[in-house]
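J.: structure of the sequence below:
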Amino acid sequence: MLDAAGRKTVSKCSYNAFIPALSFVRLATAPPLGAAAAFLPINMAVAIGCGVAVGAAVSTFAPSSLRLRGHVAAAAAFGNMANFPLVVTHGLCSGAKARAALLPGAGSAKECADVASALVLAPVWVASVLQILLANALMARAGEAGRDAAAEPAASELAPLRRAGDDTAAAAAERGASGDGLVSVSSKLDKAALDGLAAADAAAAPLSSLARGLRAALSAAAAPPCASALAGLAVGLTPARRLFAGEKAPLGLVASVLETLGGAMIPCLLIVLGGELASAGRDALIDLPRRTVAAATGARLALMPALGAAWLATATALRLVPTSQPPLFLVVCLLAWSTPAAVVLSTLAVQHGAAPGVMAGLLLVSYAGGAVTLPLVITLLLGAIR
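T.: Numbers count the residues shown, from 1 in each chain. Predicted structure coming up:
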């Protein structure tokens, strides 16, 4: 099994090469769906926004240490928006009865799977940009919190220093009381100077925080996964798509190479995830209370699908959902709310040194729970459609 250094190397390869390659080629060659599919990116953005709000609530109210709050929030907020929905929809298309209900008139499983792939991949650029940007920021902050906690001295180490400081302060007070006016005046001047510096720092803090936030956002947007998704979207929505898509495309070979390179993404993500689980063993979630793990998993697998169903019902009533779309369209929309946590979270945790074993444990629980909740969600939706 790969050691920690090997897992970090594989994570960097996935983040900087495999994920960008697959994102670009999928978006650059995706078939256009027309104006009727404009609802898909909106649905994806709303799902991510609600997920972030739910994750923030869970991490705030469920007990956890400061260094693990980002893990709890991410596990509740960010779902698997591309690969898992592709697997689920292709599986549904393979059954004759389900295929007839989801895509009436589909002549074969391949025809149904092609339509499902187009619907799933159409809004994936939203997830590639928003989820990667936000999840990367959460894991970076979690890594910093973990390093700060490790570097902070223990209370037993600080006690002698505090006693020494108290003794020094008492001695200084005695000297001031004995008539040493120079010391008293000097200490007052020093205190006034320090108060002035503190006030200046407090006044500049909001601007400094805003500047740091803007720099972090720009840096994240320029990261390979986000930049490649935006580039692929720009190609896919313009005539430049013909350079990459089609049997006689001039850059068809480039697209094939990128697709082959991107094909290594899922195996590498799973290798990293498996390595972290093997390394952490049964202690993967020892630092998180069970009720916190249950809250994060339940929010992702139960609360989010319920919110998604309510949103889609409201959007349908408001005629935001195109009535010309087949039932498969609604299934794809609901899957954006119902999938387990994104596997890429484990890779980001490894990259930032943010307790990757804990993140791997949360993902394992999420996918184990998804094996129960996702069939139930799809069954209920198919029953409503029929």
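J.: so which strand or helix has the closest residue to residue 88 other than its chain neighbours?
T.: Spatial nearest neighbour of residue 88, excluding adjacent residues (CB to CB, 6 or more residues apart in numbering): residue 335 at 6.3 Å. Placement of C-beta: from N, CA and C, glycine included. Under DSSP states H and E, the secondary-structure element containing residue 335 is helix 327-338.
J.: so which elements touch whatever helix or strand comes next after that helix?
T.: Once the chain leaves helix 327-338, the next helix or strand it forms, by DSSP H and E, is helix 344-352. With contacts defined as 3 or more CB pairs under 8 Å, 6 or more residues apart in numbering; DSSP states H and E, the packing partners of helix 344-352 are helix 4-13, helix 69-77, helix 132-151, helix 265-280, helix 356-385.
J.: which residues touch helix 344-352?
T.: 7-8, 11-12, 14-15, 19, 71, 74-75, 78, 131-132, 135-136, 139-140, 142-143, 269, 272-273, 276, 354-356, 358-360, 362-363 (CB atoms under 8 Å, 6 or more residues apart in numbering).
J.: now the angle from that helix to helix 4-13?
T.: Put simply, helix 344-352 runs at 120 degrees to helix 4-13, going by axes from the mean of the first three to the mean of the last three CA atoms, to 10 degrees.
J.: pLDDT weak spots in the stretch 1-150 of the chain?
T.: For the stretch 1-150 of the chain, applying pLDDT under 70 flags the ranges 1, 35-36.
J.: ranges for the helices of it?
T.: In the stretch 1-150 of the chain, the helices defined using DSSP state H, counting those that start in this stretch lie at 4-13, 19-29, 39-61, 69-77, 83-93, 96-102, 109-121, 124-126, 132-151.
J.: which of the ones you listed sits closest to residue 329?
T.: The closest of the helices of the stretch 1-150 of the chain to residue 329 is helix 109-121. By CB to CB, the value is 6.2 Å.
J.: go through that closest one and flag the buried ones.
T.: By neighbour count with 16 or more other CB atoms under 10 Å, helix 109-121 contains the buried residues 109, 112, 113, 115, 116, 117, 118, 119, 120, 121.
J.: how about stretch 81-94?
T.: By neighbour count with 16+ other CB under 10 Å, stretch 81-94 contains the buried residues 81, 82, 83, 84, 85, 86, 88, 89, 90, 92, 93.
J.: cool, and stretch 3-14?
T.: Neighbour-count burial for stretch 3-14 flags 7, 8, 10, 11, 13, 14 (criterion: 16+ other CB under 10 Å).
J.: relative to helix 19-29, how tilted is the strand or helix carrying residue 260?
T.: Applying DSSP H and E as the criterion places residue 260 in helix 252-262. Using the same axes, to 10 degrees, the direction of helix 252-262 lies 140 degrees away from that of helix 19-29.
J.: so residue 236 touches residue 25, yeah?
T.: No. Counting by CB atoms under 8 Å, residue 236 sits too far from residue 25 to count as a contact (9.9 Å).
J.: these two - which one has more neighbours?
T.: Comparing residue 236 with residue 25 by neighbour count (other CB atoms under 10 Å), the higher total belongs to residue 25, at 26 against 23.
J.: residues in contact with the more buried one?
T.: Counting by CB under 8 Å, 6+ apart, residue 25 makes contact with 232, 244, 255, 258, 259, 262.
J.: not counting sequence-adjacent ones, nearest residue to it?
T.: Residue nearest to residue 25 in three dimensions, not counting chain neighbours: residue 258, with 4.2 Å by CB to CB, 6+ apart.
J.: residue contacts, that neighbour?
T.: Residue 258 neighbours (CB under 8 Å, 6+ apart): 21, 22, 24, 25.
J.: what's the answer for residue 145, then?
T.: Counted by CB under 8 Å, 6+ apart, residue 145 has contacts 66, 67, 70.
J.: of those residues, select the buried ones using a PyMOL command.
T.: Here is the PyMOL selection string for the buried members of the contacts of residue 145, based on 16+ other CB under 10 Å:
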select buried, resi 67+70
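J.: about what we covered before: nearest to residue 282, out of the buried residues of helix 109-121: which one, please.
T.: When the buried residues of helix 109-121 are ranked by distance to residue 282 (CB to CB), residue 120 comes first, at 35.4 Å.
J.: for the residue nearest to that closest one when sequence neighbours are not counted, which residues are in contact?
T.: Of all residues not flanking residue 120 in the chain, residue 85 sits nearest, at 4.7 Å (CB to CB, 6+ apart). Under the criterion of CB under 8 Å, 6+ apart, the neighbours of residue 85 are 120, 332, 335, 336, 339.
J.: before we move on, back to that, closest to residue 323 among the buried residues of stretch 81-94?
T.: residue 89 (20.7 Å).
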